[in-house]
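*Asks:* sharing a model prediction with you, sequence too.
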Amino acid sequence: MAERARLSDALALAARPREREYAVHDAALPGFMLRVQPNGARSWVFRFRRDGKPRRVTLGKPETVKAGDARAAALAFLAREKGGGSPAPLPAFGPTLAKFAAEYVERRSPSWKPSTLKATMSYLDSAILPAIGHLRVGSAGRADIARFFHEYGRRKPGGANRSHDILRNMFDYAIAWGHRPEAAGNPCIGIVRYRRPPRGRLLGAEDLAKLGAVLRRREADNPVCVAAVRLLLLTGCRPGEIRGLRWCEVKADRLTLTDAKTGPRHVLLGKAARELLEGLADTACGEWVFPGRGEDEPLDRNDLWTFWIRTRREAGIVADARLHDLRHAHASHAVMNGESLHVAGRLLGHRRASTTNRYVHLDDATLGEAAERVALAVQRKLRQGDAGGNRAA
């Protein structure tokens, strides 16, 4: 027979582990129970039925969620399940978002890159915490997050989207760490992010020809930046990956990047890229493939950016083309020369095809040729139908 008792904080904290997992059922609220595992872990649990099938949600741990708060969360969840009028609000428990943010950063940041930590702290300090840092992570609702998201989005839709990413991840960990009941769910889910205009410009064959001519003219004046821009186009790497490239990462047929955006990855080199690097190796000194003003530091970001702006202007290509668009150009020309989207994504080190799809831009000539092939194929089918009809007649 199931153990039953009026669940309380004292009972939960006094519960001792046994050889097997067991549960103490609340005497007042059916489905509400305390689960105790053999390793000593305890949690509040609510069991119910949905469409005739048993379901279970975790409401938190007794160390962080009081029995009364867990019971109220179970009742609120039950009200939402039954759909009877307005859902009962979740009880206010758990640390404030500001306090939890400190724990979140402390526990998660060791696995982050410095740029990720810097961006996360910037959004937390400048936008998220000043607006909603007072909310309790255990009871914050979708309406609270949506209100912040849309108020911020009216000024900075891109910033609102980035803040949404941070908050969604924070609430996932708040649930996992027992600061928010699983039944409450993640309040960021269901909030529609702002659609941003697509970024990136296609550098077509004519643009690349103009760019190549300017690079040849400027090679004597700034050989380091010229070579960096060429390698960006030949490999599809990110500007930061090329600026910080070390000779120890250059192998006979590939680059073995140790600090790429998505983690270590290999970039296979074509013949032109290999010849470019071999030429640089003949005069290399120091650890950097593209040294900065001092040989003990890599090419400065601003120096490369300034070089690109002047080169872009001199070449007369699209005025807002970015250095990152050289990466887009690599992917676009791969697809336009017959490579699949999957292959283009592997060349760029993308994990998802949807990311590669945003990078690829097709010029009018390529689209025109595709339209011609499709039209001819359709026309052949139509003529086959006409021939069949004539034979029947």
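*Replies:* The structure has been received and is ready for your questions.
*Asks:* for the stretch 151-300 of the chain, which segments count as strands?
*Replies:* Assigned strands in the stretch 151-300 of the chain, in chain order: 254-257, 265-268 (criterion: DSSP state E, counting those that start in this stretch).
*Asks:* quick check: which ranges of the stretch 1-150 of the chain have low pLDDT?
*Replies:* Scanning the stretch 1-150 of the chain for pLDDT under 70 picks out 1, 80-93.
*Asks:* quick one, strands of it?
*Replies:* Going by DSSP E, counting those that start in this stretch, the stretch 1-150 of the chain shows strands at 3-5, 22-26, 32-36, 42-50, 53-60.
*Asks:* what's the domain layout of this structure?
*Replies:* 3-82, 97-184, 205-362, 363-393 (automatic domain parsing).
*Asks:* redo the ones you listed as a markdown table? Include mean neighbour count and distance to Ile191.
*Replies:* (C-beta placed from N, C-alpha, C; glycine too.) Formatted as a markdown table, the domains of the chain follow (neighbours: other Cβ atoms under 10 Å; distance: least, Cβ to Cβ, whole Å):
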| stretch | mean neighbour count | distance to Ile191 |
| --- | --- | --- |
| domain 3-82 | 16 | 18 |
| domain 97-184 | 17 | 5 |
| domain 205-362 | 17 | 20 |
| domain 363-393 | 10 | 35 |
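*Asks:* quick one, phi/psi of Glu297?
*Replies:* phi -140, psi 150 (degrees, to the nearest 10).
*Asks:* that one: what's it in contact with?
*Replies:* 288, 291 (Cβ atoms under 8 Å, 6 or more residues apart in numbering).
*Asks:* thinking again about what came up before, mind putting the strands of the stretch 151-300 of the chain into a markdown table with mean pLDDT?
*Replies:* Converted to a markdown table, these look like this (pLDDT from 0 to 100):
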| stretch | mean pLDDT |
| --- | --- |
| strand 254-257 | 86 |
| strand 265-268 | 81 |
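*Asks:* what sits closest to Leu129 if chain neighbours are left out?
*Replies:* Ala98 (5.1 Å; Cβ to Cβ, 6 or more residues apart in numbering).
*Asks:* could you check how far that neighbour is from Ala72?
*Replies:* Look at Ala98 and Ala72: by Cβ to Cβ, to the nearest Å, they are 23 Å apart.
*Asks:* over to Arg47?
*Replies:* Arg47 is 17 Å from Ala72, by Cβ to Cβ.
*Asks:* just Pro223 next, same as before
*Replies:* On the measure of Cβ to Cβ, Pro223 and Ala72 end up 69 Å apart.
*Asks:* what of Ala331?
*Replies:* Ala331 is 52 Å from Ala72, by Cβ to Cβ.
*Asks:* surely Ala260 meets Glu241?
*Replies:* Yes: with contact defined as Cβ atoms under 8 Å, Ala260 and Glu241 form a contacting pair (5.8 Å).
*Asks:* coming back round to it: format the strands of the stretch 1-150 of the chain as JSON lines; extra columns: distance to Val289.
*Replies:* Listed next are the strands of the stretch 1-150 of the chain as JSON lines, based on distance: least, Cβ to Cβ, whole Å:
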{"stretch": "strand 3-5", "distance to Val289": "68"}
{"stretch": "strand 22-26", "distance to Val289": "61"}
{"stretch": "strand 32-36", "distance to Val289": "57"}
{"stretch": "strand 42-50", "distance to Val289": "53"}
{"stretch": "strand 53-60", "distance to Val289": "51"}
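*Asks:* could you give the bridge partners of Arg136?
*Replies:* Judged by DSSP bridges, the bridge partners of Arg136 are Thr96.
*Asks:* any idea how far it lies from Phe171?
*Replies:* 12 Å.
*Asks:* same check, this time on Glu63
*Replies:* With Cβ to Cβ as the criterion, Glu63 and Phe171 are 19 Å apart.
*Asks:* quick one, what contacts His25?
*Replies:* 2-5, 32-33.
*Asks:* turn the residues you listed into JSON lines, columns for distance to Leu231.
*Replies:* Shown next, in JSON lines, are those (distance: Cβ to Cβ, whole Å):
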{"residue": "Ala2", "distance to Leu231": "68"}
{"residue": "Glu3", "distance to Leu231": "69"}
{"residue": "Arg4", "distance to Leu231": "71"}
{"residue": "Ala5", "distance to Leu231": "70"}
{"residue": "Phe32", "distance to Leu231": "62"}
{"residue": "Met33", "distance to Leu231": "62"}
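*Asks:* wait, which of those is closest to Arg180?
*Replies:* Nearest to Arg180, judged by Cβ to Cβ, of those is Phe32 at 17.3 Å.
*Asks:* alpha carbons of stretch 228-238, in CSV - could you do that?
*Replies:* This file holds the C-alpha atoms of stretch 228-238, laid out as CSV (Å, rounded to 0.1, in the frame of the first residue of the first chain):
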residue,chain,number,x,y,z
ALA,A,228,44.2,37.5,-45.5
VAL,A,229,41.3,38.6,-47.8
ARG,A,230,42.3,36.1,-50.4
LEU,A,231,42.4,33.2,-47.9
LEU,A,232,39.0,34.3,-46.6
LEU,A,233,37.6,33.8,-50.1
LEU,A,234,39.5,30.6,-50.7
THR,A,235,38.5,28.8,-47.5
GLY,A,236,35.2,30.4,-46.4
CYS,A,237,36.6,30.8,-42.9
ARG,A,238,35.4,33.5,-40.5
